[in-house]
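*Asks:* generate coordinates for the sequence data below:
(chains A and B)
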Amino acid sequence: MYKILVLFAHPALQKSLAHKSLFNEIQHIEGITCHDLYDAYPDSFIDIKHEQALLLQHDIIVFQFPLYWYSCPAILKEWQDLVLEHGFAYGEHGNKLIGKKLMLAVSTGGSANSYSASGYNEHDINAFLLPFSQMSQICNLEYLPPFVVHDIHKRHDPQRIARKAEEYRQQLLRLQQIDDGAVKTRMENN
Amino acid sequence: MEHGVLFNTFIYLAAGVVAVPIAKRLGLGSVLGYLIAGVIVGPYALSLISNQQDVMHVAEFGVVMMLFLVGLELRPALLWQLKMPILGTGGLQLCATTLFIFLLLLACGLAWQTSLAIGLIVALSSTAIVLQNLQERELMKTEAGKNAFAVLLFQDIAVIPILSILPLLVIQDTTVIESSIPSWQSALMIAGVIAGIIIGGHFLVVPLLRIIASSRSREIFIATALALVVGIALAMEAVGLSAALGTFLAGVVLADSEYRHELESDIEPFKSLLLGIFFISVGASIDFNLLLDQPILVALLVGGLIAVKFIVLFVTGIVFKIQRSQNWLFSCALAQGGEFAFVLTSFALQRQVLDNEIASLLVLVVTLSMVFTPLLLIIYDKVIAPTFKRRLPQQEDKETPEHQIPDDTDSSVIIAGFGGFGQVVGRLLHGYHINTTILENDVGQIELLQQFKYKVFYGDAEQLNLLHSAGADNAKLFIIAVESASRTKRILIQVKKHFPHLTVLARATDRNHAQQLIRLGADHVFRESLDSGISLGVETLKALGMRANQAHRAGQVFRRHDEAVLHEEAKRIHEHEPEFVNRSLTERRILKKLLGLDALTYYDNLNDAWSTEAHSNQDKNTVGNLAAAHKHNKSSS
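*Replies:* Just a heads-up that it's a prediction; the model follows:
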């Protein structure tokens, strides 16, 4: 069973329409580590060594965040800038993440239609997530299709969110079980 | 048997000391323990005590003190909020119970006057037993507790009109000693005393307490508190009013003052002791001969009394929409006769409203109904409450929104010490409408803060009973912000020992002190010099030319490094270090070690951040070159 690390970035959880339910849904599951970045680092001072150790202990990394201005909230960017160091995640000797997987779990205010060539956002959601997939490639992470919850502003009815949360949980449970041989387990890494 | 005062005192105290812990261990509660102790030392068992009527009279003063304390808990605003339950629930309960008992006794062939008198007497419940039981079970804040309290309050007030009605219920017209004072004059005196308590409380007692407190003599403060209660009781009795009501009023008046907690903790031990003795005398006065002569009649009467009171209370609860499970508790708690029944019965006996036989039967029945109250509550706990818990599984943990801190009338945060340090904490919390209880023993400070509408209480946070009355039992966080290092330690030891559930956040004067506090069990320790020292260091780095965000980060790195080292050291040192003799030596040794560690760790950590292959070497020199760069900048400009 693969170990999953969920890096959660939401600066105002009290206003959350979707992520609160999604994040609550995946708490206390064996093999899933939930790491609330804004709670762990209220002053944005990220403990690099600790974060790198966490990465080494897990096989699948999930970035869970609401899309703010077509990107992630600031702390997750800071996390990337600090933790994914040269010599650790990329570069000549930066091979520590080889074989691990990355999945994004993202919510958007706009509808699925708005994220299309004909919609007001003019591009597909994947176009906006391009920096993440490219980062994965540089860091030798396998980039998985993102889990996206659209339209949370106009359609935040609790039942739909609860369904999405359940879907999210199932998705993570499935990921724990996949065995495609591509993922190096922790054991091999150590 | 006649014994000396000391012997009697010893018997009463010893009986309580033996019986109460045993009763509590058995889950019976202290009240039942006292009653059993009374039975054991009383005339029907060991027969160890004498003058028990006198003792009871003195011990009734415990009830008076209790009402003073109840008043202290009730700020006028809260009392006003409670007006509906007091008048509605209390009024309905009293009238309906009286009516029921009246009709029942009338049907049994008693004269209507006697029936009405008995109805009025037994409609009252026992404030002492109910409050003591509910407080021990921590049920005062529940719906049942609040309603029970309201009913008891109404009953306490109702004693006054009942006292004036009773003499009118005399069957044979005997010469009642007329009061020499005309009625309008006595009415005026009553109004005068009540006004005196309210006005005097505000304008005389509070300034007086302030003067006494600034003398910093604890026993004089206690003496003042006692004299206050006794004096008010005397004044009330002089005008023919219930002393309990008078002290209750005085309590309400003083509830808004900063000395509330101090008064509470001073009076509390006397109250508990006197009430204990009162319950022992009640236990001792149970007339077992009467019980043995007519066991069935007595059993019927006791059962009938409890049943009638219970039914009336339950219906009252339904009328006023008390939750079902709470209604059971409410009805179980109040279904007994009260201590006022003894007072009223002896009053009625003097005025020949009741004859001797009925009076002693009445006292026996009321006493037994009081004995059964703790048992009823145990039945509620063991039988009734579990059925509701099963039915309502998750009512308790209602989710509160994360940004909203639950607004409780009770403070969940207690701050000891409100000097410069505590003020910062308090002001920050007040900004978010978090109720805090502040304990401060500098009178000048209190006065100043009160001008700005702060709730500050006078008292020494080392005192266990002050901690109790400040609500440490129900609080969540305890902040020690006092200036003296040794006081901080003493308060911490006291809090950790008696209130292990509290999370303690403590101010430490220096590194050594911080380690001691960590070892004593403080959950979070804050060195007063650390943050300002770091801030100054960060400013210095900036002034030397380091970019502000880098300087800020340097400060954060240092802070974490230093905290980690501190906790590591605190864990390692177990032996008690000699504190004052070798102080400078210890400090120098610590500093030497720290300097060594600093060099090893945190510069590296700083240079790691944001480094990419191309820049990392250049970065490493940055810190070292800062001073030189600064010099260079200066000279070139």
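
*Asks:* going forward, measure contacts and count neighbours with C-alpha atoms only.
*Replies:* OK.

*Asks:* so the residue nearest the centre of chain A is in which element?
*Replies:* Central residue of chain A (Cα atoms, centre = their mean): residue A:63, 1.3 Å from the mean position. Using DSSP states H and E, residue A:63 sits in strand A:60-66.

*Asks:* quick one: buried residues of the next helix or strand after that strand?
*Replies:* Scanning forward in sequence from strand A:60-66 by DSSP H and E, the next helix or strand is helix A:74-83. Of the residues in helix A:74-83, A:75, A:76, A:79, A:82, A:83 count as buried by neighbour count, 16 or more other Cα atoms under 10 Å in any protein chain shown.

*Asks:* quick one: contacts for the residue nearest to the centre of chain A?
*Replies:* A:6, A:7, A:8, A:9, A:102, A:103, A:104, A:105 (Cα atoms under 8 Å, 6 or more residues apart in numbering or on different chains).

*Asks:* for it, list each beta-bridge partner.
*Replies:* residue A:7, residue A:104 (DSSP bridges).

*Asks:* tell me the pLDDT of it.
*Replies:* At residue A:63, the predicted lDDT confidence score is 97.

*Asks:* ok so, going back, okay if I get the contacts of residue A:63 as TSV plus distance to residue A:91?
*Replies:* Formatted as TSV, these follow (distance: Cα to Cα, whole Å):
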residue	distance to residue A:91
A:6	25
A:7	23
A:8	26
A:9	27
A:102	19
A:103	22
A:104	23
A:105	27
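
*Asks:* can I get these in a markdown table with pLDDT?
*Replies:* What follows is the contacts of residue A:63, written out as a markdown table (pLDDT from 0 to 100):
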| residue | pLDDT |
| --- | --- |
| A:6 | 97 |
| A:7 | 97 |
| A:8 | 96 |
| A:9 | 95 |
| A:102 | 96 |
| A:103 | 96 |
| A:104 | 97 |
| A:105 | 96 |
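
*Asks:* up against chain A, what does the stretch 451-600 of chain B have?
*Replies:* Taking Cα under 8 Å from any Cα of the partner chain as the contact definition, the stretch 451-600 of chain B meets chain A at B:553, B:556.

*Asks:* so what touches the helix or strand that residue B:489 is a member of?
*Replies:* Element membership for residue B:489, per DSSP H and E: helix B:485-498. Contacting residues not belonging to helix B:485-498 are listed as B:461-462, B:464, B:480-482, B:502, B:504, B:506-509, B:513, B:517, B:520-522 [Cα under 8 Å, 6+ apart].

*Asks:* among the residues you listed, the buried ones, what's the ChimeraX command?
*Replies:* Buried residues among those (16+ other Cα under 10 Å), as a ChimeraX selection:
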select /B:461,462,464,480,481,482,502,504,506,507,508,509,513,517,521,522
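
*Asks:* next step: the contacts of helix B:485-498 restricted to helices.
*Replies:* B:464, B:513, B:517 (DSSP state H).

*Asks:* contacting residues for the first one?
*Replies:* Right, the one you point to is residue B:464. Residues counted as contacts of residue B:464 (Cα under 8 Å, 6+ apart) are residue B:494.

*Asks:* grab the nearest non-local neighbour of residue A:146.
*Replies:* Excluding its sequence neighbours, the residue lying closest to residue A:146 (Cα to Cα, 6 or more residues apart in numbering or on different chains) is residue A:104, at 4.7 Å.

*Asks:* what's the neighbour count on the one you found?
*Replies:* Other residues near residue A:104 come to 21 when the count uses other Cα atoms under 10 Å in any protein chain shown.

*Asks:* my read: it touches residue A:147, true?
*Replies:* Yes. Using Cα atoms under 8 Å as the test, residue A:104 is close enough to residue A:147 to be in contact (6.1 Å).

*Asks:* tell me the centre residue of chain B?
*Replies:* Centroid-nearest residue in chain B, with Cα atoms, centre = their mean: residue B:469, separated by 4.1 Å.

*Asks:* distance check, it against chain A.
*Replies:* For residue B:469, the distance to chain A equals 35 Å [Cα to the nearest Cα, to the nearest Å].

*Asks:* wouldn't that residue be in contact with residue B:263 here?
*Replies:* No. Using Cα under 8 Å as the test, residue B:469 is too far from residue B:263 to be in contact (9.4 Å).

*Asks:* show me where chain A has its strands.
*Replies:* Applying DSSP state E to chain A gives strands spanning A:4-8, A:32-36, A:60-66, A:101-107, A:142-143, A:147-149.

*Asks:* who wins for proximity to residue B:55 among those strands?
*Replies:* Taking Cα to Cα, strand A:32-36 is the member of those nearest to residue B:55, at 64.8 Å.

*Asks:* hmm, that closest one touching chain B?
*Replies:* No. With Cα under 8 Å from any Cα as the criterion, chain B is not reached by strand A:32-36; the gap is at least 14.4 Å.

*Asks:* how far away from the center of its chain is that strand?
*Replies:* Relative to its parent chain, strand A:32-36 has a centroid offset of 11 Å by Cα atoms, centre = their mean, to the nearest Å.

*Asks:* name the surrounding residues that touch it.
*Replies:* Counting by Cα under 8 Å, 6+ apart, A:3, A:4, A:5, A:6, A:7, A:8, A:9, A:26, A:27 sit against strand A:32-36.

*Asks:* brilliant, that's me finished.
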